[in-house]
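1. would you be able to build a 3D model of this:
(chains A and B)
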Amino acid sequence: MSTPPPSEPALPATVAVTIDGRRIDVPRTMPHPVTGAPAPTTMMQACELAGVRVPHYCYHPKLPVAGNCRMCLVEYGTPALGPDRKPLSNPDGTPKIRKAPNPVIACATPISPGIEIYTQTPGVKAAREAVLEFLLANHPLDCPICDQAGECQLQQYALEYGHAQSRFDEAKVHKPKQVDLGPRIMLDDERCILCSRCIRFTRDIVGDDALGFVRRGSHTALTHYPGRPFDNNYTLNTVDLCPVGALTSKDFRFRMRVWFLGETPSICPSCGTGCNMVIGARENVIYRLTPRSNDAVNQCWMCDAGRLNYSWIGRADRLAEVQVPGPAGSARKSGWKAALEALAARLGAAPRGSVALIASARLANEELFLLARIARALEALTDSIPRAGEGDRLLVHPDRNPNTRGAQLLGIAADPPGARLPAIAGAIREGRILTLLVFGEDVTRHGIGLDELDRLDLLVASDVLPNATTGRAHFLLPGAAFAEKSGTFTSARGRVQRFAPAVQPPGSARAEREFLRELASALTGEAFPDHASGLFDQMAREFAAFRGLTWAGLGAQGVALPANPP
Amino acid sequence: MKVKQQPLTLWERLYLPAVLEGFRVTARHFFRRKVTMQYPEEKWVVPEGYRGAPYLVRDPEGRIKCVSCQLCEFVCPPKAIRIVPPGPAPNPAAGRVEKAPLEFEIDMLRCIFCGYCQEACPEEAIFLMRDYSFTGLSRPEMIYPLDRLLELGGTHADSVWKWRNK
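-> Numbers count the residues shown, from 1 in each chain, chains lettered A, B, ... in the order given. Now for the predicted structure:
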């Protein structure tokens, strides 16, 4: 029934419920997590809206409800009705509530007008303890070796509702351990509590019906489709979803205990989507990237490719020394101050119009802003390198650069990015461009070959890892990876999001922002703020596309660009 | 507050009686049983249950009991313990042992013998033993690696057999 007949009064949009004695109005329906169609609001959703925590394993706000872990049992009562179907009242005038005889699962029970939900009664507590005792009956004592320990819901609720001693005298059911589920996932069936979150995620969110339960009773086990590994690009989300340590990441397996990891909010630099994520690092080593919830961008998911794109940050061959031209075409190490002074003098002396600047669309907005100022001062021809791949319907964007939009809005990248590269290559061959600045790219793989680089009077390269361009550079400025600096990216859909440093760059390497600021000051005579927040605010004042945005206003979730800048 | 000093009595001012009293005490101890130990030539035998330096133990079948859970590293107040977990690569030589430390170091210069590691250990793999005195010629020498800790710790006779039925 899509529209009610006109004679019937429309149902009110909200329903009054009472949760643990507190009255709250909640929407009658809420969108279904997968289809988006309105579905009746459940007790669990009402409790979440009221800020009341109900323990659960199988329920997840972004997945369809399964209702099989039974941990979210609550008691409830409904308004009592008389024989005339009219609500009865207590002597003091309050509506009479008739308590239901048995507890119900909050995740799958819809609310009704006037319902009262009790989450803290002795009966509820006893029900939770009983459910947990059954879940722990066959659970192995693996916590010391389990990667989930420390962020395990079973540990958490065992602490709150568990018994110190097991009453289970029987032999535990042993199931397969160390099951190779796919290239990135390791399964331990003994730890699995059969919540089916992973099955629902890969079936309903990814659309790859790869996982399922086999066998019966206490021998039920999770497995993948026979002969087909669980290898879609979103498998590692099941590791986050798994409330226990059954599904673990092969990449993170046995590498570090989670309580040692410092957590830094960041943005994934692997494509234009700009998934929000958390960098887990300890003592300057990154151990894992996990998604951070942002309903405007990535819900709470992240692709496997993005998650595993961090090992290069700790590589031993990182550029860590500043190099300046030495005697007779050689390169020698230098300090930053001397190198930037010499470089500013060389650039200042370069004839206007003889300079080209190629800046990666992997740089932050603030860095591209400073580069745009340098390019304006030198009247340089600028562009970025396009990096196209295959997109998908969920998160992966065809543009593999995280900040192409920002590079275009700041006037660095052409539209489409890379359109000016042939012109720059041609101008170098013709000798019109004698100075080339390359930031964060290897131009020899993008149409400007070693022959062209050899024709240049001055090649300035800044990068994180060595490549053919940095090998030919006269001035080499070691930069920092995204996890080593703060800044903002503008996603392909026009959302400006902040990231923060989690680790330190190696050796003399510095965040590009820091040395570009000094270089830009030397070339333009202006003073620039020495931190990303000040630079962002200045950029937002000067560039119409970012007008009205402030660093502080971006917050943890980012802000969409103003649609029609004045 | 000002403390008023009592003036010395005549007996005290005579000085010699106090000296003789001192001699008397010395002479009394001179003929008693000696309690001073000629350390380090003579070593103290620690009593049973003494808690000195922490070492790692093996189970009766010779397997490393430590599973590299790093709880001792976390709890250690002077941060004397350093563990490198094994990482994801499977180790066929380890047999049934799913997880064991790649490296395990205790800096004996830092260790204060507090016993928190033994208390935190869920696997009964680390015990405070009877050694209390450490000497070395360099700092690196005083950082005991995994094999040395296991050698010093020996075997712990217990009934847990964690890896036997895995």
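
2. how close does the residue nearest to B:Glu12 when sequence neighbours are not counted get to chain A?
-> Nearest residue to B:Glu12, sequence neighbours excluded (CB to CB, 6 or more residues apart in numbering or on different chains): B:Ala18, at 7.0 Å. All C-beta spots, glycine's among them, are computed from the backbone N, C-alpha and C. Distance of B:Ala18 to chain A, given as CB to the nearest CB, to the nearest Å: 62 Å.

3. wait, a strand at B:Ala18?
-> No: going by DSSP: H, G, I helix; E, B strand; the rest coil, the assignment for B:Ala18 is helix, not a strand.

4. what about it, how many neighbours?
-> Number of residues near B:Ala18 (other CB atoms under 10 Å in any protein chain shown) recorded here: 11.

5. interface residues of the stretch 251-400 of chain A facing chain B?
-> A:251-257, A:259-260 (CB under 8 Å from any CB of the partner chain).

6. the strands in the stretch 51-200 of chain A, which residues?
-> Secondary structure of the stretch 51-200 of chain A (DSSP state E, counting those that start in this stretch): strands at A:73-79, A:97-99, A:104-105, A:116-118, A:179-180, A:185-187.

7. for A:Glu48, grab the count of nearby residues.
-> Counted with other CB under 10 Å, the neighbours of A:Glu48 add up to 16.

8. quick one, what contacts the residue of the stretch 251-400 of chain A at minimum distance from chain B?
-> Of all residues in the stretch 251-400 of chain A, A:Arg253 sits closest to chain B, at 4.0 Å by CB to the nearest CB. A:Arg253 makes contact with A:147, A:186, B:87-88, according to CB atoms under 8 Å, 6 or more residues apart in numbering or on different chains.

9. widest-spaced pair of those?
-> When CB to CB is used, the two most widely separated members of these are A:Met186 and B:Gly87, lying 12.8 Å apart.

10. and these two? Which one has more around it.
-> Set A:Met186 next to B:Gly87 and count neighbours by other CB under 10 Å: A:Met186 wins out with 23 against 15.

11. ok, back up a step: comparing the strands of the stretch 51-200 of chain A, which comes out most buried?
-> Comparing the strands of the stretch 51-200 of chain A by mean neighbour count (mean count of other CB atoms under 10 Å in any protein chain shown), strand A:185-187 comes out on top with a mean of 25.

12. partner strands of that one, with direction?
-> strand A:179-180 (antiparallel), strand A:247-249 (antiparallel) (DSSP bridges).

13. on that earlier part again, now the strands of the stretch 51-200 of chain A in a markdown table, with distance to A:Phe168 and mean pLDDT?
-> A markdown table is the format used below for the strands of the stretch 51-200 of chain A (distance: least, CB to CB, whole Å; pLDDT from 0 to 100):
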| stretch | distance to A:Phe168 | mean pLDDT |
| --- | --- | --- |
| strand A:73-79 | 21 | 96 |
| strand A:97-99 | 32 | 94 |
| strand A:104-105 | 24 | 97 |
| strand A:116-118 | 29 | 97 |
| strand A:179-180 | 24 | 93 |
| strand A:185-187 | 23 | 96 |
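
14. now render the ones you listed as TSV, adding distance to A:Ser266.
-> Listed next are these as TSV, based on distance: least, CB to CB, whole Å:
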stretch	distance to A:Ser266
strand A:73-79	37
strand A:97-99	48
strand A:104-105	36
strand A:116-118	38
strand A:179-180	30
strand A:185-187	23
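
15. for the top helix by length along chain A, packing partners?
-> Longest helix in chain A, counting residues (DSSP state H): helix A:122-137. With contacts taken as 3 or more CB pairs under 8 Å, 6 or more residues apart in numbering or on different chains; DSSP states H and E, helix A:122-137 sits against strand A:73-79, helix A:153-161.

16. just the angle between it and strand A:73-79, please?
-> With axes from the mean of the first three to the mean of the last three CA atoms, to 10 degrees applied, the angle from helix A:122-137 to strand A:73-79 works out at 150 degrees.

17. can you report phi and psi for the residue in the stretch 451-566 of chain A positioned nearest to chain B?
-> Closest approach between the stretch 451-566 of chain A and chain B, counting by CB to the nearest CB: A:Val503, at 18.2 Å. Here the main-chain torsion angles of A:Val503 (degrees, to the nearest 10) amount to phi -140, psi 170.

18. does the residue lying closest to A:Ala552 once chain neighbours are set aside sit in a helix or strand, and which one?
-> Excluding the flanking residues, the one nearest A:Ala552 by CB to CB, 6+ apart is A:Ser533, at 7.2 Å. Per DSSP states H and E: A:Ser533 is located in helix A:532-542.

19. what comes up buried for that helix?
-> In terms of neighbour count (16 or more other CB atoms under 10 Å in any protein chain shown), helix A:532-542 has its buried residues at A:532-533, A:535-540.

20. I'd like to know how far A:Gly426 sits from A:Ala473.
-> To A:Ala473, A:Gly426 is 21 Å away according to CB to CB, to the nearest Å.

21. and the pLDDT at A:Thr3?
-> pLDDT for A:Thr3: 53.

22. again, but for A:Leu357
-> 96.

23. what does the lowest-mean-pLDDT helix or strand in chain A rub up against?
-> Among the helices and strands of chain A, strand A:331-334 carries the lowest confidence by mean pLDDT, DSSP states H and E, at a mean of 90. Contacting residues not belonging to strand A:331-334 are listed as A:321-326, A:342, A:473-474, A:476 [CB under 8 Å, 6+ apart].

24. quick one: strands adjacent to that strand?
-> Partner strands for strand A:331-334, per DSSP bridges, with pairing direction: strand A:322-325 (antiparallel).

25. pull the CA atoms of the partner strand into PDB?
-> C-alpha atoms of strand A:322-325 as PDB (Å, rounded to 0.1, in the frame of the first residue of the first chain):
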ATOM      1  CA  VAL A 322      68.500  16.800   0.600                       C
ATOM      2  CA  GLN A 323      70.700  17.000  -2.500                       C
ATOM      3  CA  VAL A 324      72.000  20.000  -4.300                       C
ATOM      4  CA  PRO A 325      74.200  20.300  -7.400                       C
END
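
26. ok, residues contacting it?
-> For strand A:322-325, the surrounding residues in contact (CB under 8 Å, 6+ apart) are A:331-336, A:338-339, A:342-343, A:473-478, A:508.

27. let's see 10 Å
-> A:330-343, A:346, A:458-459, A:461-462, A:470, A:473-478, A:507-510, A:515 (CB atoms under 10 Å, 6 or more residues apart in numbering or on different chains).

28. what is the neighbour count of A:Asn401?
-> 26.

29. which residues of chain B fall in helices?
-> Ranges of helices within chain B are B:10-13, B:16-30, B:71-75, B:116-120, B:146-153, based on DSSP H.

30. wouldn't the residue of the stretch 451-566 of chain A closest to chain B be in contact with A:Thr264 here?
-> Yes: between A:Val503 and A:Thr264 there is a contact at 8.5 Å, judged by CB atoms under 10 Å.

31. what do these two both touch?
-> Common neighbours of A:Val503 and A:Thr264, counting by CB under 10 Å, 6+ apart, are A:279, A:281, A:286, A:483.

32. which SS class is the third one?
-> Of the three states, A:Ile286 takes strand under three-state DSSP.

33. residues contacting it?
-> A:Ile286 is in contact with A:261, A:264, A:279-280, A:310-311, A:313-314, A:481, A:483-484, A:502-503, counting by CB under 10 Å, 6+ apart.

34. now do the helix holding A:Ser533: everything it contacts.
-> Residues outside helix A:532-542 that contact it (CB under 10 Å, 6+ apart): A:364-370, A:372-373, A:406, A:409-410, A:485-488, A:496, A:498-501, A:511, A:513-514, A:516-517, A:520, A:526, A:528-529, A:545-554.

35. the helix or strand just after that helix - contacts with which helices or strands?
-> Once the chain leaves helix A:532-542, the next helix or strand it forms, by DSSP H and E, is helix A:551-554. When contacts are defined as 3 or more CB pairs under 10 Å, 6 or more residues apart in numbering or on different chains; DSSP states H and E, helix A:551-554 sits against strand A:495-499, helix A:532-542.
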